[in-house]
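Peer 1: Would you be able to build a 3D model of this:
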Amino acid sequence: MPNNAPAPAASDSLRLRRLVVPIYGPTVLISIGMGAIIPLIALSALDLGASVTQAAIIVGLIGFGQLAGDLPAGALAQRFGEKRVLLAACVVEAAAMIVASRTGSLWVLAACVFVVGVCGAVFGLARHAYLSEAVPIAFRARALSTLGGTFRIGSFIGPFIGALLIEQHSFGATYAFAACTSLAGGLLSLTLPDLPDTKHRSPAAREPRRSMWTVLAAHRTVLATLGTGVFLIMIARASRQAIIPLWAESQHLDASTTSIIFGLAAGVDMLLFYPGGAIMDRFGRMWVALPAMLVMGAGFMLLPLSTTAMTIGLVACFMGLGNGISSGIVLTLGSDVAPDEGRRQFLGGWRLCGDLGSVAGPGLISLVSLAFPLGAAAIALGAITWLGVGWLAKWVPVYDPAREPTKVS
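Peer 2: Predicted coordinates for the structure are as follows:
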């Protein structure tokens, strides 16, 4: 498929290099902190007297916080600008971490976890909106895939630092460490260069203010079509992380073996983010979206056939291959279809589509496994993922800037 996107210029490459530290640095720092505390949230809840069910609900509050924060994040970024919103999200997140490190109340811990989820949505939306505007289209997929890759790198490093802090100090020290990484990320975000329109135009002249619902209604077709594809992508991604440890436990693998399998799969996942972005920029988005979903769907189908640590590990790494090469695909597709007017509000709705999939995937596993064996849930997820292949094959080319588009308004 020919690429009709503009060829990259030397000035564009220089412009992208200027963003490496201020946009990717905060992401690495914050994801390291989040990676350190996420495995501890359930343990903290249990330590405060929660039941296993209550602890699981508290862990899930991060996802619900992200859902609750997606649309307000778009409105806040539109009103105050990305740099201010990034800093505010990091400061509030750090405060929530500090409170969580010192509280003896289960309810306060739950509130802090929810706030961390909301702040994550605000931070994610602001950096997504910034890169959508700041990066030339010829580099867009590589820039956004690298953003996804830096998050994966931080999430991979974070649990090891968290384990070390618990060994040497306490749960509270780990939360305090995460608060420090959030504050450092917020301060580093202040070094972001101003966008051209925010630098040279007065606030009143930059963009007519439109309500969130007006923007989303105006672009309901793309949200209903390509947004549904993103929903299916995120179901596959979230379900992959949920079902592999459940399947390993059902095959009587111990926790340390399961952790090794996860680590190996995460390593494969991290290796492919930049090649995936380069393929999207050169050949088009479909050449990553479809293979990634095909591979993850096949992984779900193969999982019930794996019964040993070796075979489960191979399937997990195979699925990591599909997930890794698709790093940044959701961000890239969102930037491709985001309008110039109301960009931030639109991206809030776009991210809501993805986060709904993140919540729906593990929920689907729970529902299916109530009545059927866990293997049936894996088969069902494989079928849904392959359904997503067909849906994406229909709609990704319609909006792909690497093609001559025939866009649906």
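Peer 1: for the closest residue to Ile161 other than its chain neighbours, what are its contacts?
Peer 2: Counting by CB to CB, 6 or more residues apart in numbering, Ile161 lies nearest to Ala36, which is 5.2 Å off, once chain neighbours are set aside. Where C-beta positions appear, they are placed from N, C-alpha and C, glycine not excepted. By CB atoms under 8 Å, 6 or more residues apart in numbering, the contact set of Ala36 is 158-159, 161-162, 165, 174, 177-178.
Peer 1: Against Thr385, how distant is Leu367?
Peer 2: Counting by CB to CB, to the nearest Å, the separation of Leu367 from Thr385 is 17 Å.
Peer 1: Next: Tyr24.
Peer 2: Tyr24 sits 29 Å away from Thr385, going by CB to CB.
Peer 1: Tell me which of those two has more neighbours.
Peer 2: When Tyr24 and Thr385 are compared for neighbours, Thr385 comes out ahead with 28 against 21, by other CB atoms under 10 Å.
Peer 1: Sticking with that one, tell me its helix or strand.
Peer 2: Assigned by DSSP states H and E, Thr385 falls within helix 374-399.
Peer 1: Could you pull out the buried residues of that helix?
Peer 2: 374-375, 377-382, 384-386, 388-389, 391-392, 395-397, 399 (16 or more other CB atoms under 10 Å).
Peer 1: you'd agree Thr308 is up against Gln251?
Peer 2: Yes - between Thr308 and Gln251 there is a contact under CB atoms under 8 Å: 7.4 Å.
Peer 1: pLDDT on stretch 307-326, on average?
Peer 2: On average, the pLDDT along stretch 307-326 is 91.
Peer 1: Centre of the chain to it, how far?
Peer 2: On the basis of CA atoms, centre = their mean, to the nearest Å, stretch 307-326 sits 19 Å off its chain's mean C-alpha point.
Peer 1: Over to stretch 135-152?
Peer 2: With CA atoms, centre = their mean, you get 13 Å for stretch 135-152.
Peer 1: could you dump it to PDB, C-alpha only?
Peer 2: Written as PDB, here are the backbone C-alpha positions of stretch 135-152 (Å, rounded to 0.1, in the frame of the first residue of the first chain):
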ATOM      1  CA  VAL A 135       4.600  15.900  16.100                       C
ATOM      2  CA  PRO A 136       4.600  16.100  12.200                       C
ATOM      3  CA  ILE A 137       2.300  13.400  10.700                       C
ATOM      4  CA  ALA A 138       5.300  11.700   9.000                       C
ATOM      5  CA  PHE A 139       6.700  10.800  12.400                       C
ATOM      6  CA  ARG A 140       3.300  10.500  14.300                       C
ATOM      7  CA  ALA A 141       3.200   6.700  14.700                       C
ATOM      8  CA  ARG A 142       6.800   6.400  15.700                       C
ATOM      9  CA  ALA A 143       6.400   9.200  18.300                       C
ATOM     10  CA  LEU A 144       3.300   7.600  19.800                       C
ATOM     11  CA  SER A 145       4.600   4.100  19.600                       C
ATOM     12  CA  THR A 146       7.600   5.200  21.500                       C
ATOM     13  CA  LEU A 147       5.300   6.800  24.100                       C
ATOM     14  CA  GLY A 148       3.600   3.500  24.500                       C
ATOM     15  CA  GLY A 149       7.100   1.800  24.700                       C
ATOM     16  CA  THR A 150       8.400   4.100  27.400                       C
ATOM     17  CA  PHE A 151       5.300   3.300  29.500                       C
ATOM     18  CA  ARG A 152       6.100  -0.400  29.100                       C
END
